[in-house]
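**Student:** Structure for the following, please:
(one chain, ligands or ions: 1)
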Amino acid sequence: MGLFDKLFGKKKKTDSESDSKQKEQPKVKVAVIYYSSTGTNYQLAKWAEEGAKQEGAEVKLVKVAELAPQTAIDSNSAWKAHLEETKDVPEASVDDLEWADAFIFSTPTRFGNLPSQMKQFLDTAGGLWGQGKLVNKVASGISSAGNPRGGQEKTVKHLYTTMMHWGAIIAAPGYTSPVAFSSGGNPYGTSVTVGDEGMQEDVQEAVKDQAKRTVTVTSMVKEGQEK
Ligand SMILES: Cc1cc2nc3c(=O)[nH]c(=O)nc-3n(C[C@H](O)[C@H](O)[C@H](O)COP(=O)(O)O)c2cc1C
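**Tutor:** Modelled structure (predicted):
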């Protein structure tokens, strides 16, 4: 028996169990919303998209608008190349927030905090917030940073502060899956350290697992609201 089973005495759902549960109700709609300068969070967001789809969700992958001056972008060839590579990814709008039942955010750390690009996007939600349209949406966060303890968890918690103001329901991974004990897994939201060689750990499974849990929690919330 593994550590997870000893602690919690329960098993993860099999794929067929997940599939049959999902078929009983309308698809959960997930907006995977990311910001990325050099590609890490784009990759994390794509894994989240994959995980949510595997759990039966309808998914939109969108990036928040770049706000940095062109001179800053031009001074970093990786940044410039990444923006060119992802120019066809649709930009996130408040309509995506209204459409989705759940949000999965993926964002780098900037001085232990959210990048201004992500914060600016969140700040466009004031109108929806005022109409109560963000209440009971489900939210989950993923992050990256350049150093192993460079503020990844803090960044996720900054994101969750905004979610609390929205009245959103935070689907943090907790220790709800054995994946939480593996690379990138943590109770707040999957995180990774990224260096010159790219990601320092393989966090793909942790991201997918978090995305699946987000869909599962959202199904429960939707089911509860229909009663
Ligand atoms: C202005 C700025 C601030 C940053 N602050 C931090 C930080 O506080 N801690 C850290 O470990 N890395 C920091 N980094 C590194 C980024 O978090 C890292 O490049 C990012 O996670 C890569 O994600 P991306 O490839 O999706 O852009 C900073 C980078 C920049 C440009």
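
**Student:** Show me which residues of this structure are close to the ligand?
**Tutor:** Contact residues, the chain versus the ligand (Cβ under 6 Å from any ligand atom): 36-41, 108-112, 144-147, 150-151, 194. Bear in mind the C-beta positions are built from the backbone N, C-alpha and C, glycine included.

**Student:** Quick check: PyMOL command selecting the buried ones in those.
**Tutor:** Applying 16 or more other Cβ atoms under 10 Å to these leaves a buried subset, and the PyMOL line that selects it is:
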select buried, resi 36+37+38+39+40+41+108+109+110+144+145+150+151+194
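
**Student:** Next one: the residue of the chain found nearest the ligand relative to D95, how far apart?
**Tutor:** Relative to the ligand, the nearest point of the chain is G150 (1.8 Å; Cβ to the nearest ligand atom). From G150 across to D95, the span is 33 Å (Cβ to Cβ, to the nearest Å).

**Student:** list the contacts for E205?
**Tutor:** Contact partners of E205, counting by Cβ atoms under 8 Å, 6 or more residues apart in numbering, are V179, S182.

**Student:** so it is in which element?
**Tutor:** helix 204-226 (DSSP states H and E).

**Student:** Just the buried positions in that helix, please.
**Tutor:** Buried-residue list, helix 204-226, by 16+ other Cβ under 10 Å: 204-219, 221-222.

**Student:** did I read that right, I142 in a helix?
**Tutor:** No. Using DSSP: H, G, I helix; E, B strand; the rest coil, the secondary structure at I142 is strand, not a helix.

**Student:** Could you look up the SS state of the residue nearest to it when sequence neighbours are not counted?
**Tutor:** Of all residues not flanking I142 in the chain, S106 sits nearest, at 4.3 Å (Cβ to Cβ, 6 or more residues apart in numbering). The assignment at S106 comes out as strand when based on three-state DSSP.

**Student:** Renumber starting at 5 from here on
**Tutor:** Got it, the first residue is 5 from now on, which makes the last one we talked about S110.

**Student:** Just to check, S110 is in contact with Y38?
**Tutor:** Yes. Counting by Cβ atoms under 8 Å, Y38 is a contact partner of S110 at 4.1 Å.

**Student:** Common neighbours of these two, please.
**Tutor:** In contact with both S110 and Y38: N45, L48, A49, using Cβ under 8 Å, 6+ apart.

**Student:** quick check, the last one in a helix?
**Tutor:** What it means is A49. Yes. If the criterion is three-state DSSP, then A49 is within a helix.

**Student:** Next up, the contacts around it.
**Tutor:** Neighbouring residues of A49 by Cβ under 8 Å, 6+ apart: V36, I37, Y38, S40, L65, K67, I108, S110, I146.

**Student:** so how far is the host helix or strand of the first one off the chain centroid?
**Tutor:** Looking back up the chat, that one is V36. Per DSSP H and E, V36 falls inside strand 33-38. Distance, stretch centre to chain centre, for strand 33-38: 7 Å (Cα atoms, centre = their mean, to the nearest Å).

**Student:** With stretch 150-166 instead?
**Tutor:** Distance of stretch 150-166 from its chain centroid, counting by Cα atoms, centre = their mean, is 13 Å.

**Student:** List the buried residues in that stretch.
**Tutor:** Neighbour-count burial for stretch 150-166, counted by 16+ other Cβ under 10 Å, picks out G154, G155, Q156, E157, K158, T159, V160, K161, H162, L163, Y164, T166.
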